[in-house]
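J.: Here is my input, please return the structure:
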Amino acid sequence: MVAEQRTRRWLETALIFAAWTVFGLLMANQTFMLAQLGGRQAPWFVLLRGSLLDSYLWALATVAIFWLARRFPLERTHMLRNIPVHIVAAIVLGLARAAFMVELSQHVNWLGRRAFLQQFWGSSGINFTFYALLLGIAHAVLYYERYRERERAAEQLAQGLTEARLQALKMQLQPHFLFNTLHAISALIPPEAKPAKRMLARLGDLLRMALDHEETQEVTLREELAFLEPYLEIEQARLGDRLTVVMEIAPETLDVRVPHLLLQPLVENAIRHGIASRIEPGRVEISATRGADDGFLHLEVRDDGRGVDSDTQARTRRGVGLTNVQSRLAQLYDGEHRFELENHAERGVVVRITLPMRRAVKRAANDARSIP
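T.: Residues are numbered from 1 along each chain as shown. Predicted coordinates for the structure are as follows:
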């Protein structure tokens, strides 16, 4: 990322100097044509060197102005603080140009002798005009860069959601999962057909719900728990008394928006590594609470398995699903969240996720608008 930004800055600087070179050539040509029309003899090369000198001074100033625009942008939240910075910068720029031209005139005959105050006040109007114009161009470039970054972030987020959905389907459809599920169904078929039919129906529900939100980034916690329900029912049928699931969901959190396919990878991870890998019964706890003071949603998924006692086991436990969850959280909440995976103080592993409280818009209002 740093190398990419450095390359982009060098390319930007090269384009700035190229643009000012073209400007210098055009100005030299225009001055030459006006001199010809006025009957004055002025060699084009003499006009060109003066024009290019002025253009390259402005090219250097443009690089500085672009840096100042990024460092002190004229945005609503920082407008009053940053305007004085640019006023001072414009004055300093004018003083620096005047000092340079006066000093250079002492050594270059074709510039002619120049006085500092005369040079400064004589060019102050054009200096301030050009500074304001270049500052506006710099902000246009800055806003375009931010627009492109948001586009790239949206593309990465959409790709992450696609990968999460495919990963969820992969985890649900991998051979050992289907084998165990079918084994559980076959064990239920002899006594009566209803439980087997129910298991098949729940498996269909699970697959259908995974595809229903194909382009959805966030759903309510209520919807996410509804998606989790058929998965848990299948796992409980497979593991029987070996699996106990306890949910403690605060009612005020049900309408809070959470990333789609957030809980299923966490719960699947807890069951696979904490419960299914041992003989004795196990317990998975899922909780959702609202912070009393911070206004954040606190989610926990905990198992009472062996826990992790090495970096290798921790990496294995994280797997592709949890890595994808972390990546999507970072893209959706841009540092306003927290993700922790650690051994619980008593036993097992606990995953803690903290998210901003974003409530879903009531659908009834939207439905009402669509009624003619």
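J.: in this protein, which segments are predicted with low confidence?
T.: Residues of the chain meeting the criterion pLDDT under 70: 1-2, 42, 110-113, 165-215, 294, 309-320, 360-372.
J.: Quick check: which element contains the residue of it most remote from its centre?
T.: Note on the chain: the largest C-alpha distance from the chain mean falls to Gly39, namely 61.9 Å (Cα atoms, centre = their mean). Under the criterion DSSP states H and E, no helix or strand holds Gly39.
J.: and if you look at Thr354?
T.: Going by DSSP H and E, Thr354 is part of strand 349-356.
J.: for Arg347, same thing?
T.: Secondary structure (DSSP H and E) places Arg347 outside all helices and strands.
J.: what's the spacing between it and Val85?
T.: The spacing between Arg347 and Val85, counted by Cβ to Cβ, to the nearest Å, is 57 Å. From N, CA and C alone the C-beta is placed, and that goes for glycine too.
J.: got it, and Phe116?
T.: In terms of Cβ to Cβ, Phe116 sits 25 Å off from Val85.
J.: now Ala59
T.: With Cβ to Cβ as the criterion, Ala59 and Val85 are 22 Å apart.
J.: Which one of these two is surrounded by more residues?
T.: Ala59 (19 against 14; other Cβ atoms under 10 Å).
J.: now the strand holding Thr354, how far from the centre of its chain.
T.: 20 Å (Cα atoms, centre = their mean, to the nearest Å).
J.: Against which helices or strands is that strand packed?
T.: helix 263-270, strand 296-303, helix 311-333, strand 338-343 (3 or more Cβ pairs under 8 Å, 6 or more residues apart in numbering; DSSP states H and E).
J.: quick one, phi psi at the residue farthest from the centre of the chain?
T.: Torsion angles at Gly39 (phi, psi; degrees, to the nearest 10) stand at phi 80, psi 20.
J.: got it, and Ser287?
T.: phi -130, psi 150.
J.: Also the one 5 residues further on?
T.: According to degrees, to the nearest 10, the main-chain angles of Ala292 amount to phi -70, psi -40.
J.: Report the contact partners of it.
T.: By Cβ atoms under 8 Å, 6 or more residues apart in numbering, no residues touch Ala292.
J.: From Thr220, how far off is it?
T.: Counting by Cβ to Cβ, the gap from Ala292 to Thr220 is 22 Å.
J.: same question, Arg97
T.: Where Thr220 is concerned, Arg97 sits at a distance of 60 Å (Cβ to Cβ).
J.: Based on its surroundings, how many neighbours for Asp159?
T.: Careful, residue 159 is Gln and not Asp. 13.
J.: Same check on Trp10?
T.: 10.
J.: Also the one 4 residues further on?
T.: Neighbour count of Ala14, defined by other Cβ under 10 Å: 10.
J.: check which helix or strand covers it.
T.: helix 2-37.
J.: Also Val284?
T.: strand 282-290.
J.: what about the nearest residue in space to Gly348 that is not next to it in sequence, distance to Ala237?
T.: Distance criterion Cβ to Cβ, 6 or more residues apart in numbering; nearest residue to Gly348, sequence neighbours excluded, is Asp304 at 4.1 Å. Look at Asp304 and Ala237: by Cβ to Cβ, they are 21 Å apart.
J.: before we move on, what about Gln41?
T.: 99 Å.
J.: Those two: who's more crowded?
T.: More crowded of Gln41 and Ala237, by other Cβ under 10 Å: Ala237, with 22 against 6.
J.: name the element that one belongs to?
T.: With DSSP H and E as the test, Ala237 turns up in helix 221-239.
J.: Please export the C-alpha coordinates of the helix or strand following that helix as PDB.
T.: Next along the chain after helix 221-239, taking DSSP H and E as the criterion, comes strand 243-249. Taking Å, rounded to 0.1, in the frame of the first residue of the first chain, the C-alpha atoms of strand 243-249 are listed here in PDB:
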ATOM      1  CA  LEU A 243     -24.400 -30.700  22.000                       C
ATOM      2  CA  THR A 244     -26.200 -28.100  24.100                       C
ATOM      3  CA  VAL A 245     -26.800 -24.700  22.700                       C
ATOM      4  CA  VAL A 246     -27.700 -21.800  25.000                       C
ATOM      5  CA  MET A 247     -28.700 -18.400  23.700                       C
ATOM      6  CA  GLU A 248     -28.900 -15.200  25.800                       C
ATOM      7  CA  ILE A 249     -30.100 -12.500  23.400                       C
END
